[in-house]
Each structure stands twice: as structure tokens, then as C-alpha cells.
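In: Build me a structure from this.
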Amino acid sequence: MTVSTPEISDIAPREAAKSLLGMVAILLFTMWIWDDRPYLPLAGFSFSIFFMTLVASTLCFIEARTSADKENPALDFCLFAVVLLGFSGTLFLASGYWPWAAVAFLKAAALALHRRRVVSGMFGLLPAAGLDLGLVGGLGAAVAGAFLAGINLVAA
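Out: A predicted model of the protein is given here:
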């Protein structure tokens, strides 16, 4: 008796739809529980990006721990996650949610430290991670600034 496993192309659209519905649910939930500030939709959007990046990075680390024979998927994801967290942290700053911005930037720093520790080892860890965080997280912050400028241009 053979058991057939579903192909990734059969699972991917269904899982993508579930992820999008989860992101919308989180966005609506955060807008409901947070207090009424003028930039609440921006903070809710930023929280959705932050939360999905947190979930994805956790899943990458779990996959790295469970499959020792493959290349570490978290290393490739760490730089992309730092960009997203820089974007999210900047949007938190723009919307006035300073503690959430600090959490997003600290998570970005932790991912940059982890990536540099695995790639380069412990020697020169802080300067190398700071370089990653400054360059890659700064790219995310610059994209967030362009995003906010585009929103202001459309809204005006």
C-alpha cells in the first residue's frame, strides 16, 4: 500500500489564502484592541508585517533545527526579515507606537546577530551585525519613508 503525498502546487494556493486571511484577521484584531489614535490603520498594517515576519522567522528556525542535512534556510531569510522589520519599525515610529518600534528593531538586531554568528563566527560579531542591521534595516526604513511619502502624495 502506497501513500501519496500532495504536491506543493496543490497545497500552496490553499496555504497562501489561509495566510492572507490570517493577516487580515490580525490587522482587524489589532485595530480593535488598540486605542483610538489618528494613525491606527498605519500601526495595524505595520503590526501585521511585524507579526507575519515573526511567524515566518520562527518557522525558518524550526525548519533549520529539524532538518540538519539541508542548508540553513534561516540564513537566507534573515536579511529579508531585517528589511521587513526595518520597514515595520519605521511605520511604528511614524504612527507613534514607540514601544512596538523598539521591539521590531530589537528583533531585527537579533536576526542580524544570529545570521552573522552562523556565517562568520563570534569574531567581530557586533560590528558585522551592526553593519547588516544598518545597511539592510536602513533599506527597509528608506522603503517605509518612500511608502509614507507616496501615501501623503496620494492623500493630498
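In: Flag the shaky bits of the chain, pLDDT-wise.
Out: The chain contains residues with pLDDT under 70 at 1-16, 20, 26-37, 68-74, 156.
In: which stretches of it form helices?
Out: Listed in chain order, the helices of the chain (DSSP state H) span 8-33, 40-66, 73-95, 98-120, 125-132, 138-155.
In: could these go into a markdown table alongside mean neighbour count?
Out: In this view, the C-beta of every residue, glycine as well, is placed from N, C-alpha and C. Converted to a markdown table, these look like this (neighbours: other C-beta atoms under 10 Å):
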| stretch | mean neighbour count |
| --- | --- |
| helix 8-33 | 12 |
| helix 40-66 | 18 |
| helix 73-95 | 22 |
| helix 98-120 | 18 |
| helix 125-132 | 15 |
| helix 138-155 | 13 |
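In: Would you enumerate the residues in contact with G130?
Out: By C-beta atoms under 8 Å, 6 or more residues apart in numbering, G130 lies in contact with A112.
In: roughly how far apart are it and A155?
Out: Using C-beta to C-beta, to the nearest Å, one gets 35 Å for the distance from G130 to A155.
In: Repeat that for V143.
Out: Taking C-beta to C-beta, one finds V143 at 18 Å from A155.
In: next one: Y39
Out: Separation of Y39 from A155 (C-beta to C-beta): 12 Å.
In: Also L93?
Out: Counting by C-beta to C-beta, the gap from L93 to A155 is 19 Å.
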